[in-house]
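Asker: Could you work out the structure for the sequence below:
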Amino acid sequence: MELEIVIRIQAQEEAETEEAQEVAAQQARMVYVCEGCGLQFFGILAFAEHDEESRHMTNRGKKVIINGHR
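Answerer: Prediction:
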């Protein structure tokens, strides 16, 4: 019985990991536009890095969120 519980937990964790990977892949393919300067960025990471350096979005009271983390 304990083994069944462990197997179910592992299956759930694998499903959550696959879902997170799919979301990350989608975000990496999207184009993001900075509202401060109008530059376009391919992928959320490049966009977040730009905001970290420029604070364009942060200064407008907006947050760049990547998978639920600021």
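
Asker: low-scoring stretches of the chain, by residue?
Answerer: 63-70 (pLDDT under 70).

Asker: how about the strands in it?
Answerer: Using DSSP state E, the strands of the chain run over residues 31-33, 40-42.

Asker: could you dump the ones you listed to a markdown table with distance to M1 and mean neighbour count?
Answerer: Every residue, glycine included, has its C-beta placed from N, CA and C. Shown next, in a markdown table, are those (distance: least, CB to CB, whole Å; neighbours: other CB atoms under 10 Å):
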| stretch | distance to M1 | mean neighbour count |
| --- | --- | --- |
| strand 31-33 | 48 | 14 |
| strand 40-42 | 49 | 13 |
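
Asker: Would you reformat the ones you listed as TSV and include distance to D51?
Answerer: Compiled in TSV, these are given as follows (distance: least, CB to CB, whole Å):
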stretch	distance to D51
strand 31-33	9
strand 40-42	9
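
Asker: Quick check: which of those strands is nearest to Q21?
Answerer: Nearest of those to Q21, taken as CB to CB: strand 40-42 at 18.6 Å.

Asker: remind me, longest helix of this protein?
Answerer: helix 2-29 (DSSP state H).

Asker: G43 is in contact with A28, correct?
Answerer: Yes. A28 is in contact with G43 according to CB atoms under 8 Å; the separation is 4.6 Å.

Asker: which of those two has more neighbours?
Answerer: G43 (15 against 12; other CB atoms under 10 Å).

Asker: what's the spacing between A25 and F47?
Answerer: Per CB to CB, to the nearest Å, A25 is found 16 Å from F47.

Asker: ugh, typo on my part, it should be M30
Answerer: 9 Å.

Asker: If you count surrounding residues, which of A25 and F47 has more?
Answerer: Neighbours per residue (other CB under 10 Å) separate A25 from F47, with F47 holding more: 22 against 9.
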